[in-house]
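# Need coordinates for the following:
(one chain, ligands or ions: 1)
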Amino acid sequence: MKKRIGVLTSGGDAPGMNAAVRAVVRGGLSSGAEMFAIYEGYSGMIDGGNSVRTMDWSSVGGILHRGGTVIGSARSDAFRTVEGRRRAVRNLLEHDIDALVVIGGDGSLTGANVLRQEWSDHLVALLEAGEITPQQAEDHAYLTIAGIVGSIDNDMWGTDMTIGADTALHRIIAATDAISSTAASHQRAFVLEVMGRHAGYLALMSALASGADFAFIPESPPDVPDWRATLCEILSDGRKEGRRDSMVIVAEGAVDREGNPITAEDVRSAIAEGLNEDVRITVLGHVQRGGSPSAFDRILSTRMGVAAVRTIMEATPEDEPMLIGISSNRIVRRGLMECVNHNQEINAAINARDFNKAMEMRGPGFQSAFRTLRTLVRAMPHEAPPNQRRLRIGIMNAGGPAPGMNAAIRAAVRLILDKGHVPIGIERGFRGLVYGEMRELKWMDVDGWAALGGSELGTSRKVPRENEYYTMARQLEDNKIDALLMVGGWAGYQSCINLYNERSVFKAFDIPIVCVPASINNNLPGADFSIGSDTALNSIADVVDKIKQSAVASNRCFVVEVMGGYCGYLALMSALASGAERAYLHEEGVTLSDLEKDIHFLNEGFRHGKRLGLIIRNEKSNPLYDTNFLAALFEQEGGDLFNVRMAVLGHLQQGGDPTPYDRNTATLLTASAIEIVVEACSASEEEPPAICLGLVDDRFTQTHLYQVSRIFDQEFERPKKQWWMRLRPLASMLAQPSQDSEGINYPEM
Ligand code: ADP
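Residues are numbered from 1 along each chain as shown. This is a model prediction of the structure:
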């Protein structure tokens, strides 16, 4: 008999749950299982009947981009009782379901574990009552469970991210951006309350991304005797520097060192009394839960959904329930109850005011984000430390514009000033360095930059020619530049490598040089993610959602061309985020026999009721089979079955305000770059570093510029090894029903 798997969403809903349900259903069908959705969570499991429904491939079509959960979620008091759970078991067995993918918070996952523990008792009781047959009891002797955490709070131990948290940050940032513009017009302070009863993730990350002045989180209350005084001091320092607005973010579960709640109202009255200012409170509430999931959440849910099915298909009777998480950008499985218990330990630590333990258990990424936020909110122009000269640090953007570049420059300026040094902004990339277009940047020059798209400093793709080296060296010397921080794309990297190679000729180039990756293409050496690529991906997903909506009524196939140079990151990831049938990448090439297969597949699909096709093409996937050609080919071969439209997305992909992820990556990478540069300048005897910084497997890494040629394909301007190529089979798996009867090769994730 085929394995029968039920999927349910339970507890609070979270954007991305639909994408997870889709991946579970399609992944399950591809694995040869029969799939069922249990509507309305545990409550539907107890009701049975029409609440348990068979799902086929098309039942989960068109839901990937939708917020909330189309199969419904509920809280169920009846499920907390043995009788309730017994009815649930009977209803599951009516459909021969003995495996569940539960998508919910820690309450829902605990409930699933209870059900599994009691499973054999329920079988005995149901058998005695004559409600199931001995055969049923024998066939379904145990229950297999895989859990996926859907929670906007990002509050689960054992996974770096939960489904919905990234989207919630998008919603919060939309609000902080809107508030900042009105606050600045009136010289006002705003207090924003965000969700998170035991978890400060949303407050911390949104404070970092919005450039807020202060954040209160449950895990780490201000360690000062009087937080009110400290807060007012920080805000009034900001005013003295010229800031017109201030923003303070409060997690709903924020407490002080004694464990007393710090509410938005407490913060408001503290500021109003301390600074005699007009202070307004905004409580975001359910807005944070709503709306279409971000590209990250869609892809995360998809990866987790397929991994959950795999976990079930490969489980043995002894296997305990597993939680599907993500750690260092890889999908991992851990014991579900281990994770739930650790999570409760964190909550208990907060309640017991053991804040060190709570922070410790949140992990290094959370801690480092918190440290950076603390530095940034305290950052103030300072005198240079005694015995140290004031360093003049050149900072620039280079390459194409990438959203998040401004957040990086802002962080650089403030952190450099905080350390008592002088930031020198070099305009328009290396063009500006050749022509001497540079100026000292002040604290307020970068005010509000965290939220701005594009590059305020200006950027260019110029790579200086050999005859310009001398001029550049003179500019560096004349402006007494001690170190160079380049935030940009491949043109910037090339230029920095050239400077490094010319060190023996030009003494002026013998300074610390640090490259921070910023390019929407995500094609830079030594970095899994470059600043700007998340924003571009979200822009593409937004537009593709709209394009798809334009076609509801007719049989239509879209060929969408996206940027990326020779790097297929945006094409593949946007295909995953939008549920495209096919992505054409230069990495794989495009052959005539591929196209034939794709035409056959499209024709078959439309013949069997498909209404919409979506194909994403990287701009350089093949110079001859271009977007026009593909559209013409499909149009001709589609005959009467469907018609074809094409969309070349163009420059909107480079624009837009940066997403929270891009802002925060920019800020955190830059903070690390400034540390490196300042330290290198004081360790004078060594050869100054010439490196590119990056996030690899979620860790900060440094790659020496001389190693770049080894790991980077200079002809096609992309890393030789690209981590995301491992997700390639996932896109194919979810795009079309498998015709392979040989069993399944699960993609690595
Ligand atoms: P979340 O899953 O978002 O944490 P809840 O804590 O409300 O949300 O849990 C959702 C549902 O899971 C509850 O309504 C209940 O049906 C079930 N549940 C939670 N905890 C348990 C438990 N200890 N035993 C059995 N069922 C539980």
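
# nearest residue to the closest residue to the ligand within the stretch 51-200 of the chain other than its sequence neighbours?
Closest residue of the stretch 51-200 of the chain to the ligand, CB to the nearest ligand atom: Gly107 (1.9 Å). C-beta: built from backbone N, CA, C; applies to glycine. Distances taken as CB to CB, 6 or more residues apart in numbering put Gly11 closest to Gly107, at 5.4 Å, once the chain neighbours are dropped.

# Compute the number of surrounding residues for the one you found.
23 (other CB atoms under 10 Å).

# Leu630 now?
Residues lying near Leu630 (other CB under 10 Å) number 24.

# Please, which helix or strand holds it?
When elements are assigned from DSSP states H and E, Leu630 belongs to helix 627-638.

# Show me which residues of that helix are buried.
Thr627, Leu630, Ala631, Leu633, Phe634, Glu635, Glu637, Gly638 (16 or more other CB atoms under 10 Å).

# Contact partners for the residue in the stretch 551-700 of the chain positioned nearest to the ligand?
Closest to the ligand within the stretch 551-700 of the chain is Pro660: 22.6 Å, counting by CB to the nearest ligand atom. Listed by CB atoms under 8 Å, 6 or more residues apart in numbering, the contact set of Pro660 reads Asp166, Leu169, His170, Ile172, Ile173, Met205, Ser206, Ala209.

# Determine the three-state secondary structure at the spatially closest residue to Arg726 that is not a sequence neighbour.
Excluding the flanking residues, the one nearest Arg726 by CB to CB, 6+ apart is Glu748, at 4.6 Å. Three-state assignment for Glu748 (DSSP: H, G, I helix; E, B strand; the rest coil): coil.

# Give me the neighbour count for Glu748.
For Glu748, the neighbour count with other CB under 10 Å is 12.

# Look up how far the ligand lies from it.
Counting by CB to the nearest ligand atom, to the nearest Å, the gap from Glu748 to the ligand is 29 Å.

# So what does that residue have for phi and psi?
Backbone dihedrals for Glu748, given as degrees, to the nearest 10, come out at phi -70, psi 140.

# Low-confidence bits of the stretch 501-650 of the chain, can you list those?
552-553 (pLDDT under 70).

# one more time with 90
Within the stretch 501-650 of the chain, the stretches with pLDDT under 90 are 548-554, 608-611.

# Going along the chain, name the strands of it.
Along the stretch 501-650 of the chain, the stretches classed as strands by DSSP state E, counting those that start in this stretch are 513-517, 556-562, 582-584, 612-618, 643-648.

# Tell me which of those strands is the most buried.
Greatest average neighbour count among the strands of the stretch 501-650 of the chain goes to strand 513-517 (a mean of 29), per mean count of other CB atoms under 10 Å.

# So the residue nearest to Arg726 sits against Met725, correct?
No - contact between Glu748 and Met725 fails when scored by CB atoms under 8 Å: they sit 9.9 Å apart.

# What is the helix holding Leu630 packed up against?
Secondary-structure packing of helix 627-638 (3 or more CB pairs under 8 Å, 6 or more residues apart in numbering; DSSP states H and E): strand 556-562, helix 592-607, strand 612-618, strand 643-648.

# And the residue nearest the centre of this protein?
In the chain, the residue lying closest to the centroid (CA atoms, centre = their mean) is Phe296, at 4.5 Å.

# Give me the secondary structure label for that residue.
Counting by three-state DSSP, the backbone at Phe296 sits in helix.

# distance of it from the ligand?
21 Å.

# who touches that residue in this structure?
Here Phe296 is in contact with Met161, Asp166, Asp534, Leu537, Tyr661 (CB under 8 Å, 6+ apart).

# Now distance to Met733 and neighbour count too, for those residues, in TSV please.
Listed next are the contacts of Phe296 as TSV, based on distance: CB to CB, whole Å; neighbours: other CB atoms under 10 Å:
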residue	distance to Met733	neighbour count
Met161	22	21
Asp166	23	27
Asp534	24	27
Leu537	20	29
Tyr661	25	24
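
# Switch these over to a markdown table, and while doing so, append distance to Asn351 to every line.
Shown next, in a markdown table, are those (distance: CB to CB, whole Å):
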| residue | distance to Asn351 |
| --- | --- |
| Met161 | 25 |
| Asp166 | 28 |
| Asp534 | 35 |
| Leu537 | 39 |
| Tyr661 | 31 |
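
# For the residues you listed, name the two members farthest from one another.
Distances among the contacts of Phe296 were taken as CB to CB; the most separated pair is Met161 and Leu537, at 15.6 Å.

# What residues of stretch 70-77 count as buried?
Using 16+ other CB under 10 Å as the test for burial, stretch 70-77 gives Val70, Ile71, Gly72, Ser73, Ala74, Arg75, Ser76.

# so which of those also contact the ligand?
Counting by CB under 6 Å from any ligand atom, Arg75, Ser76 from these sit close to the ligand.

# Would you map the helices across the stretch 401-550 of the chain?
When secondary structure is read from DSSP state H, counting those that start in this stretch, the stretch 401-550 of the chain shows helices at 405-418, 429-435, 469-478, 490-501, 533-549.

# Residue ranges in the stretch 1-150 of the chain under the pLDDT threshold?
1.

# now with 80?
Nowhere does the stretch 1-150 of the chain drop to pLDDT under 80.

# now the strands for it?
4-9, 34-38, 52-55, 99-104, 144-149.

# Now the ones you listed in a markdown table, please, with extra columns for distance to Ser455 and mean neighbour count.
Supplementary listing: the strands of the stretch 1-150 of the chain in a markdown table, determined by distance: least, CB to CB, whole Å; neighbours: other CB atoms under 10 Å:
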| stretch | distance to Ser455 | mean neighbour count |
| --- | --- | --- |
| strand 4-9 | 41 | 27 |
| strand 34-38 | 47 | 24 |
| strand 52-55 | 47 | 17 |
| strand 99-104 | 40 | 29 |
| strand 144-149 | 37 | 29 |
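
# any chance of the ones you listed in CSV, plus distance to Val248?
Putting those into CSV (distance: least, CB to CB, whole Å) gives the following:
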stretch, distance to Val248
strand 4-9, 34
strand 34-38, 42
strand 52-55, 46
strand 99-104, 32
strand 144-149, 29
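
# Now render the ones you listed as CSV, adding distance to the ligand.
Shown next, in CSV, are these (distance: least, CB to the nearest ligand atom, whole Å):
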stretch, distance to the ligand
strand 4-9, 9
strand 34-38, 12
strand 52-55, 16
strand 99-104, 4
strand 144-149, 9
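
# looking at those, which is closest to Lys462?
strand 144-149 (46.5 Å).

# Just the CA trace of the closest one, in PDB.
Output of strand 144-149 as PDB, limited to C-alpha atoms (Å, rounded to 0.1, in the frame of the first residue of the first chain):
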ATOM      1  CA  THR A 144       5.600   9.200  11.900                       C
ATOM      2  CA  ILE A 145       5.900  12.900  12.400                       C
ATOM      3  CA  ALA A 146       7.900  15.700  10.800                       C
ATOM      4  CA  GLY A 147       7.500  19.200  12.200                       C
ATOM      5  CA  ILE A 148       8.100  22.500  10.400                       C
ATOM      6  CA  VAL A 149       8.000  25.700  12.500                       C
END
